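*Asks:* Have a look at this fold, sequence not included:
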Ligand code: E4P
């Protein structure tokens with residue numbers, strides 16, 4: 001399973017990259033706003049800065065919601081850097097835009113997916129990635145992992161090339177459950193990735209080994 005980091009924070013992206021386990025980055029307009037990145041020029045520069053830190057795919061989201069607008073914006077985003085993946089919302093014109101970019105060989109990430117039917121449409125349209133938001137489903141009392149399992153099952157049935165990018169991850173347990181479910185990618189906040197490190201028996205075991213190495217009791 002690939003690990004993407006879900007942030008527009010350059011320091012956090014660098015930290016995950018330095019850990020040596022990072023395969024890419026996802027962003028969205030809310031994550032950009034959280035870092036105070038506003039205005040088209042600044043946003044575009046920020047995408048390039050992110051691409052210069054990591055080696056993998058970097059999702060950049062369109063703001064337009066009509067086909068023509070998404071195509072224009074997506075082509076401009078894709079021309080910024082070869083690592084850019086155009087992030088398109090799961091709406092009717094979005095499906096058309098996914099097909100358009102797929103035919104042109106431009107990578108896409110279909111975002112705001114909350115059902116298996118939506119994921120099926122994204123795959124039919126040739127999306128590179130589909131992003132089911134599992135945390136937001138959990139928030140409304142639906143099991144987000146069930147959706148990941150359902151999409152993985154459907155895609156395997158028909159050998160779709162679209163990769164399941166589990167999004168809206170909130171915890172290390174979400175990451176492990178996504179790996180069990182067979183997600184191709186998990187996009188996570190830095191703290192969820194770092195929390196995978198933690199186990200009290202690792203801490204106490206290491207403390208004992210270090211004490212024994214020094215000959216202390
Ligand atoms: C995915 O690409 C989104 O940026 C993200 O995972 C949404 O997560 P949230 O529900 O924590 O906002």
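*Replies:* On my side now, so go ahead. Note that the structure is a prediction, hence the values are computed from the model and not measured.
*Asks:* Show me the residue sitting in the middle of the protein in space.
*Replies:* residue 187 (3.5 Å; CA atoms, centre = their mean).
*Asks:* Does that residue belong to a helix, a strand or coil?
*Replies:* At residue 187, secondary structure determined by DSSP: H, G, I helix; E, B strand; the rest coil is strand.
*Asks:* need the contact list for it.
*Replies:* By CB atoms under 8 Å, 6 or more residues apart in numbering, residue 187 lies in contact with 4, 5, 6, 24, 26, 131, 165, 166, 167, 169. Any C-beta I mention is one placed from the backbone N, CA and C, and that applies to glycine too.
*Asks:* Quick check: residue 101 is in a helix.
*Replies:* Yes. Under three-state DSSP, residue 101 falls within a helix.
*Asks:* rewinding a little: would JSON lines of the contacts of residue 187 with distance to residue 84 and neighbour count be doable?
*Replies:* Shown next, in JSON lines, are these (distance: CB to CB, whole Å; neighbours: other CB atoms under 10 Å):
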{"residue": "4", "distance to residue 84": "14", "neighbour count": "28"}
{"residue": "5", "distance to residue 84": "16", "neighbour count": "27"}
{"residue": "6", "distance to residue 84": "16", "neighbour count": "23"}
{"residue": "24", "distance to residue 84": "11", "neighbour count": "22"}
{"residue": "26", "distance to residue 84": "12", "neighbour count": "26"}
{"residue": "131", "distance to residue 84": "16", "neighbour count": "29"}
{"residue": "165", "distance to residue 84": "15", "neighbour count": "30"}
{"residue": "166", "distance to residue 84": "21", "neighbour count": "31"}
{"residue": "167", "distance to residue 84": "17", "neighbour count": "30"}
{"residue": "169", "distance to residue 84": "22", "neighbour count": "24"}
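*Asks:* and which of those residues is nearest residue 143?
*Replies:* Nearest to residue 143 among these is residue 166, at 12.9 Å by CB to CB.
*Asks:* for that closest one, helix, strand, or coil?
*Replies:* The three-state assignment at residue 166 reads strand, by three-state DSSP.
*Asks:* Touching, it and residue 148? I think so.
*Replies:* Yes. At 5.3 Å, residue 166 counts as touching residue 148 under the criterion of CB atoms under 8 Å.
*Asks:* shared neighbours of these two, which are they?
*Replies:* 132, 134, 178, 181, 183.
*Asks:* can you pull the contacts of the fourth one?
*Replies:* By CB under 8 Å, 6+ apart, the residues touching residue 181 are 145, 148, 149, 152, 166.
*Asks:* quick one, strands of this structure?
*Replies:* 2-6, 24-26, 57-61, 84-89, 108-113, 129-132, 163-166, 185-188 (DSSP state E).
*Asks:* Comparing those, which comes out most buried?
*Replies:* The highest mean neighbour count among those, using mean count of other CB atoms under 10 Å, belongs to strand 129-132: a mean of 29.
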